[in-house]
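Undergrad: Sequence and predicted model, in that order:
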2 protein chains.
Amino acid sequence: MKKEQYIGKAFILLSFILMLSTALSAQSKATWIWYPGDFEIWLSNNMQNRRTERDTFFSPFWRQDSHYVLIDFHKVFTLSQPEEVEIATEGKYNVKLDGKMLSGFPKKINIPAGKHKLNLKVHAQDRVPAIYIKGKTLVSDSSWLVTFEDKEWIDETGKASDQSGTTWLNAGSWNFNDVQSPPSQFKLSTKPQYAVSKKQDQSGLLLDFGKETFGFIKLHGLKGTGKAHLYYGESKEEALSIDAGETLDKLHINNKVAKDSVINLSKAFRFVNIKLDLGVSMDSASMLYEYLPVADRGSFKSSDEELNKIWDISKYTMELTTREFFIDGIKRDRWIWSGDAYQSYLMNYYLSFDSPTVTRTILALRGKEPVSSHINTIMDYTFYWFLSVQDYYQYTGDKTFVNQLYPRMKTMMDYCLSRRNKDGMMEGLAGDWVFIDWADGLSKKGEVSFEQLLFCRSLETMAVCADLSNDPKGAAEYRKTAEELKAKIFAMYWNADKKALVHSRVNGVQSENVTRYANMFGIFFDYFNKEQKDQVKQSVLLNDKVQQIVTPYMRFYELEALCAMGEQDYVLKEIKDYWGGMLKLGATSFWEEYNPSKKDDEHYAMYGRPFGKSLCHAWGASPLYLMGKYYLGVKPLTPGYQTYSIEPVLGGLKWMEGSVPTPHGDIKVYCSHTEVRVSAETGTGLLKLKSRMKPVCKNATVLSKGDGLYEIALTKGQEYTITYKL
Amino acid sequence: MKKEQYIGKAFILLSFILMLSTALSAQSKATWIWYPGDFEIWLSNNMQNRRTERDTFFSPFWRQDSHYVLIDFHKVFTLSQPEEVEIATEGKYNVKLDGKMLSGFPKKINIPAGKHKLNLKVHAQDRVPAIYIKGKTLVSDSSWLVTFEDKEWIDETGKASDQSGTTWLNAGSWNFNDVQSPPSQFKLSTKPQYAVSKKQDQSGLLLDFGKETFGFIKLHGLKGTGKAHLYYGESKEEALSIDAGETLDKLHINNKVAKDSVINLSKAFRFVNIKLDLGVSMDSASMLYEYLPVADRGSFKSSDEELNKIWDISKYTMELTTREFFIDGIKRDRWIWSGDAYQSYLMNYYLSFDSPTVTRTILALRGKEPVSSHINTIMDYTFYWFLSVQDYYQYTGDKTFVNQLYPRMKTMMDYCLSRRNKDGMMEGLAGDWVFIDWADGLSKKGEVSFEQLLFCRSLETMAVCADLSNDPKGAAEYRKTAEELKAKIFAMYWNADKKALVHSRVNGVQSENVTRYANMFGIFFDYFNKEQKDQVKQSVLLNDKVQQIVTPYMRFYELEALCAMGEQDYVLKEIKDYWGGMLKLGATSFWEEYNPSKKDDEHYAMYGRPFGKSLCHAWGASPLYLMGKYYLGVKPLTPGYQTYSIEPVLGGLKWMEGSVPTPHGDIKVYCSHTEVRVSAETGTGLLKLKSRMKPVCKNATVLSKGDGLYEIALTKGQEYTITYKL
């Protein structure tokens, strides 16, 4: 036997053992389960009520819902052997085996072989009712069914009612696989970090952690009696501003013996300015970095070092804002904002592909019935929420999630439909925040075209989800409403002179002004015909006279629209200019807003406060998405990457390489002017190339599609090297 | 000065001082406040999840809601002097004075003279967000406004949104007037009680507390290692039945030194059978009686000692079942059942007039949006819930409660309306429990006439409440729907041959059987014409061939219908026979069901269990209501007893006297065959008498109405003695 053969066989054996153990553990992997959406709502309440403004509690201004406090869990199963089953719950509970209540609060039960039904009913107010069941084969997982009302009464003879009409859903779960770590005990991970420089003077100790970070300051060897003040800053200026910084801590120290002290509430900062009263001393200070552990999957590298830096800082910005949920910014709100989260989902599909954080965020944003306001009170944010569900399905193929969410989508859409004006358009009513973007003098009055486009896309999303959820009647209605609305949008807003959609209609009169918003969404929603698209590109997107966008938030869509029209060269320059501009100003994460025309400390101000702006905002990280989808050019064609396309576009780069995560493995792409290398662990792919010669690939067929376009079908597990000429 | 004058002046002075101090204390009486309905829901979850069946947790089978976890409280007020204001909250909070957030978590603030707005925002998950504010004049009370979504955002310049469209309600409160006793700490009162007899033998210690009671057993001088078993019994038989009693406790004792031990969960019992392991000993056992302190207001006494006993035992039955809420029975469910509670409300209006327990119960039963089942899952119980609101308004005149509840009434009615069949009738769908009554072989199939009557009355109630809540359009619609339904009821169910409403219609065919239910409700709903009424009385109510009612629950309405038709003589005999029958069997409180044809231990059985029946059930106490309303004859004519009537009917008694509570004082009535004495602390009354001579009253005008009927107008604060001849 040759050595390679031996290694080969050993590898096969090892693979087999690994597969077997995976199979076994899959079979018996118990996890904590709950009513779907309930833990997510509970956790989001906890998180969103941790915001402070300086030392004052600052809570959301929309309704916060609660979990159901009483849940029935059940599963029907067949055991080939008798089994001892371990039971743990969060909450007061009872156990029913085959319809018969077991005495007391059993922690272990023996179930004989055969077919059985096991019910647990659990009540908890302060935390989410949850269970953990572990036998040799019977375990709690998402195959269990749950309801918040079982409607099982008995009559005066003791006979149970037999048809309750109850809706049972598949249980929710995450990664609480340890009986000792129930959902209510959830905490993000921490690890120690140390300042890269410090400066002590009579006014205090100024620590610099070298970059934007998030966590708990730890004071070592703290001793004496008096107060300690901590002033946090994303900038040195903020940390040194006693009166105007956004966050601070006041501690009352009374330590006869020196001891370490960790701040209760984690904060975002790069600098911290620590001032101790005269009677107080300490040895040093460090921090515990607080983060959500997620896999490191997506990657990008290119011939352009500045772009690589932009990608890395974008990645770090996402790491900081991917927490219990996708939040907006780490310093200030730390809330879940649907419009912000929508972009995080998209970036996440090209970075970590962490689906649980997507579904947690979607569920938390939606909350419970009844709908009494737009999501986050913002009309556009409601629409992004709809869109996020279709994207999630497209990237993950998770149909169960869509099916279980569909009833809450319907009631959310009912709310929107009930708020249309007499012309069937969405217009801000009392309590509706029409946000669009942070932009000087932007009008939110009347029927804003941008809102109608999002509304139309939301209706199309509803039609897709209705089809997925076995509601053909709903699907047909949503589709019809969307078509009618789309026709109205063009009738009302398209201005042939301006070659653009105008911004709004107020009291039935088309406005004069053109803004980028509706026009750029119209591009990648594919609402324009070819001619309109070209007109819009020139008259709006590439027209400097149309008001510039100063938030990374809307630059995301502006650049996406341009990429969708093949303007990668232009977009790359814009990225280097805009995000590169932040880097030149020393950004270590990307900002909530960047207006190149501002100077010095002006960059820190927002909301009428000198340090109001967040210097680490998720929506600042969009290069992750743009590079993955429009440069590496990877996207799913059918849900969950069963089929996908790779359409690499260098956009002026000499070469680039990277990896795009999918539900079942990664897709790798390398591209230079002469060579493309691709491989995928999943699905069936289609490589699309422009080439001045017929590309050559030894293990695949190259199809010519005319006009110098070529296609190569890709099979999973294969590596392809293609020679071509750009 | 004469002595009387002096006393008179002193009395006036004293009264003035009392008035002044009342005014002052009314002005500055701080109380804990919350979002209306939220504490009620939270408390009902706690209470209803305390049920056990033997030693096993037994929870409701309908949805349990939660409070809103984030609440904004505010008040606009004017101070003539600066004021120091104390602040306490249940939950994390912030304080905003005149739109400006105050730093940290202030416990005392100084407010300058002038007009101000004070906002508090409070978050709590495990308990209900609540506040307590106490200044010299500014205090937290129901004049504060609350919301669960303030929708107050700011734009990028820091400008606050100005029109949120938020609905503000008046805060909820009860009697938490002490800052140290916040709502989450609520507990019923307790007082020690002792067994009236005990019997120790080798099998255990059997204690008899002499009558049905409720509370915590206390074991004195408990010592040693081992178990203690407590078996509770409403009857001696139940306490002695180790295997079949409904409730029990198992304690694990490990006391080196003797100590007292109180059971965690209060129980209902008359007897308790205590069995100690050999290694365990104790000195004695007693109990802590657990109760809701309510005023002792209504009274009744008559020439019939058995009737007096029945009234007293009814009163005790109500005392035992009037707790956190009006519950059904104290041994078993201890849940809030709408149909049971409906009767408790009515009895309460003639006993304690404890309105907070009525509103707590109504709010807890309704829960939150969205409606996903009938109340308690029972169709008829939903209808009683509607009826209870109109009754509450009629007896108390509390319009604010109706106004604030009206939106939840509307959605509850929407649910009903959406579940009508093609003929517009209510028929049990999947998940609907059609209860009616516990009765052998009672059909619940198809369109049951009884349910349609209750539905019709509910629609009429909605019309009244819509008018009260400034919704004339709603009122007109409800009224029209009710009228159409009433016409259908008579078209579909009235059978001229049977001279009665038949029981049901199944698949469009009128059923043959006649039951008492629809017919007796038709009487006191006043749905029949005079001729029909007389026919129904003979063909149904006084007809032994129609299936007898064996629950005090439906006997309530049966006897009410007869009283409403002037059959007090007959009803009195029935009361003595039925309730007197339970007394003869040793009842110390009234039962869930009493079927005179049963023997011995058969009386204890129900639901297929030998001791399943509750021997203390609220619906057993209806003589309280019947005696007050139809014998003493007191009822409000306009809401809150602004006007009322007294129509005493002896029904065979030689004399009776009693007192009926109202929102603003009591109404007292004495009546014999020759004399009536009445006085009232409230409203404008109308005394109606039948007399064979013209009644004589020295301080009132007697009006003859013909046919031996006389009326006397009554003014509050006056005592009237009327001589007449029955």
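TA: Everything's here; your move.
Undergrad: in the helix or strand that contains A:Ala482, what counts as buried?
TA: Assigned by DSSP states H and E, A:Ala482 falls within helix A:472-493. Going by neighbour count (16 or more other C-beta atoms under 10 Å in any protein chain shown), the buried part of helix A:472-493 is A:474-475, A:477-479, A:481-482, A:485-486, A:488-489, A:492-493. Bear in mind the C-beta positions are built from the backbone N, C-alpha and C, glycine included.
Undergrad: so which two of those are the farthest from each other?
TA: Using C-beta to C-beta, the pair of the buried residues of helix A:472-493 lying farthest apart is A:Gly474 and A:Tyr493, separated by 27.5 Å.
Undergrad: Could I get the buried residues of helix A:472-493 in a markdown table, plus columns for distance to B:Pro370 and pLDDT?
TA: Putting the buried residues of helix A:472-493 into a markdown table (distance: C-beta to C-beta, whole Å; pLDDT from 0 to 100) gives the following:
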| residue | distance to B:Pro370 | pLDDT |
| --- | --- | --- |
| A:Gly474 | 18 | 98 |
| A:Ala475 | 23 | 98 |
| A:Glu477 | 21 | 98 |
| A:Tyr478 | 21 | 98 |
| A:Arg479 | 26 | 98 |
| A:Thr481 | 23 | 98 |
| A:Ala482 | 26 | 98 |
| A:Leu485 | 27 | 98 |
| A:Lys486 | 31 | 98 |
| A:Lys488 | 31 | 97 |
| A:Ile489 | 32 | 97 |
| A:Met492 | 35 | 96 |
| A:Tyr493 | 36 | 97 |
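Undergrad: and which of those is nearest to B:Trp32?
TA: Nearest to B:Trp32 among the buried residues of helix A:472-493, counting by C-beta to C-beta, is A:Gly474 at 46.1 Å.
Undergrad: does the closest one really touch A:Lys410, like I thought?
TA: Yes - here A:Gly474 lies in contact with A:Lys410, judged by C-beta atoms under 8 Å, at a distance of 7.0 Å.
Undergrad: List the residues that are in contact with both of those two.
TA: Shared contacts of A:Gly474 and A:Lys410 (C-beta atoms under 8 Å, 6 or more residues apart in numbering or on different chains): A:Met462.
Undergrad: for the closest residue to A:Cys456 other than its chain neighbours, what are its contacts?
TA: Distances taken as C-beta to C-beta, 6 or more residues apart in numbering or on different chains put A:Leu485 closest to A:Cys456, at 4.7 Å, once the chain neighbours are dropped. The contact partners of A:Leu485, by C-beta under 8 Å, 6+ apart, come to A:424-425, A:452, A:455-456, A:459.
Undergrad: These into JSON lines, with extra columns for pLDDT and secondary structure?
TA: Listed next are the contacts of A:Leu485 as JSON lines, based on pLDDT from 0 to 100; DSSP: H, G, I helix; E, B strand; the rest coil:
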{"residue": "A:Gly424", "pLDDT": "96", "secondary structure": "coil"}
{"residue": "A:Met425", "pLDDT": "97", "secondary structure": "coil"}
{"residue": "A:Gln452", "pLDDT": "98", "secondary structure": "helix"}
{"residue": "A:Phe455", "pLDDT": "98", "secondary structure": "helix"}
{"residue": "A:Cys456", "pLDDT": "98", "secondary structure": "helix"}
{"residue": "A:Leu459", "pLDDT": "98", "secondary structure": "helix"}
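Undergrad: List only buried entries from the residues you listed.
TA: Judged by 16+ other C-beta under 10 Å, buried ones among the contacts of A:Leu485: A:425, A:452, A:455-456, A:459.
Undergrad: Greatest separation within those: which pair is it?
TA: So, the buried ones among the contacts of A:Leu485 by C-beta to C-beta: farthest apart are A:Met425 and A:Leu459, at 12.6 Å.
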